[in-house]
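S.K.: please find the sequence and the predicted model below.
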Amino acid sequence: MIRPSEALRLIHINWVLVRHGLDEVILATHLLRPVRFLLYLSPGYWLRRNTLPPFPVRIRLALEELGPIFVKFGQILSTRRDLLPGDIADELARLQDAVPPFPGTQARRIIERAYGHPIEEVLDAFDETPMASASIAQVHAASLKSGEQVVVKVLRPDIERVIRRDVGLLYIIARLANRYWKDGRRLRPLDVVRDYEKTILDELDLQREAANAAQLRRNWEGSPLLFVPEVHWELTRKNVLVLERIHGTPVSDVAALRAQGVSMKQLGEQGVEIFFTQVFRDNFFHADMHPGNIFVEPGGRYIAVDFGIVGSLTTEDQRYLAENLLAFFNRDYHRVAELHVESGWVPHTTRVDEFEASIRSVCEPIFNKPLSEISFGHFLLNLFQTARRFDMEIQPQLVLLQKTLLYIEGLGRQLYPELDLWTTAKPFMERWMKEQVGPGAFARKLRKNLPLMSEHAADMPLLLHKVLDDAAHGRLELRWRSDELRQLHQGLRQGQRQI
């Protein structure tokens with residue numbers, strides 16, 4: 001049942017779509033599809049159509065007008081190139097998460113409510129003019145009683161209510177798509193909205209972001225490659241985050257970096273090394289590394305900020321991803337196809353030879369380019385698009401990885417156009433694979449599992465005796481479950497009921 005507030009918001013959304021010439025989106029709905037032909041009979045439709053910007057641009061403009069929650073959703077959708085045509089995904093990637101700031105006096109009141117004290121009792125100084133403003137929060141400069149410079153991130157007032165209202169509307173749209181869109185069940189729009197809901201609600205908890213920052217800081221403590229600011233836990237609340245203030249040059253300001261004598265080649269290669277280290281060594285990577293969140297010290301060390309979105313992979317996904325990339329650059333397409341089946345990314349009934357042929361037809365043209373021009377991100381994108389034809393289910397854990405990889409590639413080649421990601425990444429992945437399957441890996445796993453093994457070792461003789469005794473006296477039972485047999489049993493019962 002749609003609440004009145006949601007109904008009004010839906011009316012507003014439809015009005016915005018019409019204003020931006022997206023009438024066909026509304027008329028493509030199941031309810032209005034039978035009368036869609038009336039639009040095409042209208043002379044006004046054809047006259048207006050010639051003056052409108054391209055369809056992807058109209059979608060971007062409509063999302064920007066609908067507000068920050070839809071902008072954020074569009075940004076996430078731009079990474080789902082397995083769902084969208086390339087031109088729409090490219091246009092959505094241009095969405096800017098920048099909204100007008102709310103008053104600094106209001107930010108002050110939010111902070112004082114969080115601390116339960118006047119702000120002067122907690123901070124030595126607080127600048128009410130925000131340094132930056134985004135859809136979820138805004139950032140203010142401040143200083144502690146000790147004189148240390150910090151930044152204070154404050155959630156927007158009433159933002160949770162707005163988010164939950166608009167996410168509820170997205171669920172309504174997703175259910176309609178799941179019911180009436182022919183690709184709905186395979187592309188799982190409800191799961192897409194659930195992933196978005198989890199991501200954006202996680203961003204509302206600044207203590208979670210603080211924990212992400214603390215974990216990244218531990219992983220890179222003392223590193224010459226990446227600096228992560230320190231969290232001031234005693235001043236951090238669910239809606240207020242206090243971090244050490246950093247000073248650096250935005251990574252997008254290439255002219256300023258060159259003037260400081262920073263090596264663009266070294267900066268590009270270090271960005272790739274940081275990404276693969278986070279993915280394969282730490283299994284904990286900053287998943288929102290767009291240029292606005294990255295700064296550079298005069299010495300060339302990266303500084304990361306905004307830790308609301310992080311990602312991780314299972315050990316199996318790490319290994320399959322590394323093997324996929326290595327097999328791809330060795331042109332072992334049969335192994336790439338096998339890995340997709342083994343990992344469960346495509347159904348186990350998939351014919352490996354047919355899948356291999358499709359992968360070869362996509363990948364061979366890529367090798368006509370120099371290695372320095374081959375994109376890891378676009379390789380994964382092409383691979384996933386090919387796998388769609390073989391009923392590959394969307395892997396949410398890989399979406400953040402692909403998005404981050406595209407960011408890193410774009411950034412690295414903006415800094416140093418001749419950047420050869422393969423030369424930088426291949427030795428790293430080969431070394432990681434050796435560590436996973438060599439004698440050292442066996443020894444590490446043995447040490448890790450030794451306490452558990454020793455805990456149960458004393459019970460093994462009794463368990464073995466019981467199994468042998470049951471077998472000798474005919475009491476041993478074998479219980480076997482099979483999905484196929486269960487489905488067959490359900491089918492037979494349904495057939496009996498129909499008879």
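M.R.: Structure received.
S.K.: mind splitting this structure into its structural domains?
M.R.: Using the TED database, the domains assigned to the chain come out as 104-156+205-310, 313-439, 459-498.
S.K.: can you lay out the ones you listed as a markdown table showing mean pLDDT and distance to Phe73?
M.R.: The C-beta positions use only the backbone N, C-alpha and C, and glycine is treated the same way. Formatted as a markdown table, these follow (pLDDT from 0 to 100; distance: least, CB to CB, whole Å):
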| stretch | mean pLDDT | distance to Phe73 |
| --- | --- | --- |
| domain 104-156+205-310 | 92 | 10 |
| domain 313-439 | 77 | 14 |
| domain 459-498 | 75 | 35 |
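S.K.: which one of the ones you listed lies closest to Leu169?
M.R.: In terms of CB to CB, the element of these nearest to Leu169 is domain 104-156+205-310, at 16.2 Å.
S.K.: do you know how far Met433 is from Ala327?
M.R.: Using CB to CB, to the nearest Å, one gets 11 Å for the distance from Met433 to Ala327.
S.K.: for Ala471, grab the count of nearby residues.
M.R.: A count of nearby residues for Ala471, using other CB atoms under 10 Å, gives 10.
S.K.: just the strands from the protein, written as ranges.
M.R.: For the chain, the strands defined by DSSP state E cover 123-126, 132-133, 137-144, 149-155, 226-227, 240-244, 249-250, 285-286, 294-296, 302-304, 310-311.
S.K.: could you single out the most deeply buried of those strands?
M.R.: strand 285-286 (a mean of 25; mean count of other CB atoms under 10 Å).
S.K.: give me the distance from that strand to the chain's centre.
M.R.: With CA atoms, centre = their mean, to the nearest Å as the basis, strand 285-286 stands 10 Å off its chain's centre.
S.K.: what's it packed up against?
M.R.: Contact partners of strand 285-286 among helices and strands, from 3 or more CB pairs under 8 Å, 6 or more residues apart in numbering; DSSP states H and E: strand 310-311, helix 396-415.
S.K.: what are the pairing partners of that strand, and which direction each?
M.R.: strand 310-311 (antiparallel) (DSSP bridges).
S.K.: may I see the buried residues of the helix ranked longest in the chain?
M.R.: Assignment by DSSP state H gives helix 159-180 as the longest helix of the chain. Within helix 159-180, the residues that count as buried by 16 or more other CB atoms under 10 Å are Ile159, Ile163, Asp166, Val167, Gly168, Leu169, Leu170, Ala174, Ala177, Asn178.
S.K.: between the residues you listed, which is nearest Pro347?
M.R.: Using CB to CB, Asn178 is the member of those that lies nearest Pro347, at 20.3 Å.
S.K.: quick check: that closest one vs Thr277, distance?
M.R.: Relative to Thr277, and taking CB to CB, Asn178 is found at 39 Å.
S.K.: now Leu406: how far from Trp345?
M.R.: In terms of CB to CB, Leu406 sits 19 Å off from Trp345.
S.K.: can you state the direction angle for the longest helix of the chain and strand 137-144?
M.R.: 150 degrees (axes from the mean of the first three to the mean of the last three CA atoms, to 10 degrees).
S.K.: how far does helix 159-180 sit from its chain's centre?
M.R.: 19 Å.
S.K.: helices and strands around it, which ones?
M.R.: Helix 159-180 packs on helix 4-19, helix 68-78, helix 184-187, helix 189-203, going by 3+ CB pairs under 8 Å, 6+ apart.
S.K.: mind checking the pLDDT average for that helix?
M.R.: The average of the pLDDT scores along helix 159-180 is 79.
S.K.: do me a favour and get the backbone dihedrals for the residue lying closest to Ala62 once chain neighbours are set aside.
M.R.: What sits nearest to Ala62 in space, not counting adjacent residues and going by CB to CB, 6 or more residues apart in numbering, is His20, at 4.3 Å. In terms of degrees, to the nearest 10, the main-chain angles of His20 are phi -100, psi 20.
S.K.: OK, contacts around His20?
M.R.: Arg58, Ile59, Leu61, Ala62, Glu65 (CB atoms under 8 Å, 6 or more residues apart in numbering).
S.K.: and for Arg258?
M.R.: Residues counted as contacts of Arg258 (CB under 8 Å, 6+ apart) are Met264.
S.K.: quick one: it from Ala214, how far?
M.R.: From Arg258 to Ala214 the distance is 34 Å (CB to CB).
S.K.: I'd say Tyr115 and Phe126 touch.
M.R.: No. Contact criterion CB atoms under 8 Å: Tyr115 and Phe126 do not qualify, at 11.6 Å.
S.K.: list the buried residues of stretch 259-271.
M.R.: Applying 16+ other CB under 10 Å to stretch 259-271 flags Val262, Met264, Leu267, Gly268, Glu269, Gln270, Gly271 as buried.
S.K.: next one: stretch 413-433
M.R.: In stretch 413-433, counting by 16+ other CB under 10 Å, buried: 413, 415-416, 419-422, 424-426, 428-429, 432-433.
S.K.: and it, how far out from the chain's middle?
M.R.: The answer for stretch 413-433 is 22 Å, by CA atoms, centre = their mean.
S.K.: contacts for it next, please.
M.R.: The contact list for stretch 413-433, computed with CB under 8 Å, 6+ apart, reads 251-252, 254, 257, 264-265, 267-269, 271-273, 276-277, 280-281, 291, 319, 322-323, 325-326, 329, 371-372, 374-376, 409, 412.
S.K.: one step back: switch the domains of the chain over to CSV; also include distance to Ile88.
M.R.: CSV is the format used below for the domains of the chain (distance: least, CB to CB, whole Å):
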stretch, distance to Ile88
domain 104-156+205-310, 19
domain 313-439, 14
domain 459-498, 37
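S.K.: quick one: contacts for Ile159?
M.R.: Ile136, Ala137, Leu204 are the contacts of Ile159 under CB under 8 Å, 6+ apart.
S.K.: cool, and His232?
M.R.: With CB under 8 Å, 6+ apart, His232 has these contacts: Leu144, Val150, Val242, Leu243, Glu244.
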